[in-house]
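Trainee: Need coordinates for the following:
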Amino acid sequence: MPIDWLTLGAAAMAGLLGGVHCAAMCGGIATGFSVSARGSVAPAIEANLGRIGGYVIAGAIAGGIGHGIVGAARVEGLATALRMLVGLVLVVVALRLLDRQGRLGFLGKPGNRMWQFLRPLQQRLLPADTRAKRLGLAVLWGWLPCGLSTTLLAAAWLQASALNGALTMAAFGLGTLPVMLPLTWSGARLGRWLQTRWRNAGAALVMAAGVVTLAAPWLLQVPALHGVLSALGCVTPAA
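Mentor: Residues are numbered from 1 along each chain as shown. Take a look at the predicted model:
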């Protein structure tokens, strides 16, 4: 399948705008990595790269499973249906970004169940007093239950490609870096600015990406749009 640039852009935007939520949920973990470094920035970089690595691994697994399902089913139009579902998931991601009351929090429950199996491994890596332990703990950090990352993992699965699934989650992880990497006064200030100034506009862009992806099969009937949609990766090859 072609690289879905529209989905990657939406995933990165979701990571950027969801960064404050990540800081509130995982700020203690991030600060803990920095404290263990005695002032060095290296463990903070290792922690965030490991976290993104955890996202990438999860995305590759989910996309690979999706690819296996498509390959085994061999149902005509299945790939197109999956691409449309990716659009629907992006719409849900946009709604989560706009959800300040936590009404969509139930979407993170599958991640909570998965974390119960990973918690014993986390305990074995503590204290994170070596680079290997820090990286291992950081990868597990990427699997920490989070409604936003779990929702995007569904989009990675629906990509039906290990590569595209990994890229989707990498884009999300990279989008969180401006807030999560500093986690300092400036980082918190940037996060508040994004929340108050650009959250609604950014969510609207993610929503638009979802709607375009969802409507791509019909939009492709317009010859003038075919080249644009092809460049964005919205053209789905026959299943």
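
Trainee: C-alpha only now, for contacts and for neighbours.
Mentor: Will do.

Trainee: quick one: the helices in this protein?
Mentor: 5-17, 19-36, 42-73, 78-98, 109-124, 131-141, 147-158, 162-180, 185-193, 199-219, 223-231 (DSSP state H).

Trainee: Quickly, which of those bottoms out on average pLDDT?
Mentor: Confidence, taken as mean pLDDT, is least for helix 185-193 of the helices of the chain (a mean of 48).

Trainee: can the helices of the chain go into a markdown table with extra columns for mean neighbour count?
Mentor: Below are the helices of the chain laid out as a markdown table (neighbours: other Cα atoms under 10 Å):
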| stretch | mean neighbour count |
| --- | --- |
| helix 5-17 | 24 |
| helix 19-36 | 18 |
| helix 42-73 | 22 |
| helix 78-98 | 22 |
| helix 109-124 | 13 |
| helix 131-141 | 21 |
| helix 147-158 | 25 |
| helix 162-180 | 25 |
| helix 185-193 | 16 |
| helix 199-219 | 20 |
| helix 223-231 | 14 |
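
Trainee: Quick one: residues contacting residue 18.
Mentor: Listed by Cα atoms under 8 Å, 6 or more residues apart in numbering, the contact set of residue 18 reads 97, 148, 176.

Trainee: From those, pick the one nearest residue 137.
Mentor: residue 176 (18.0 Å; Cα to Cα).

Trainee: Is it correct that residue 93 is in contact with residue 208?
Mentor: No: using Cα atoms under 8 Å, residue 93 makes no contact with residue 208, being 11.3 Å away.
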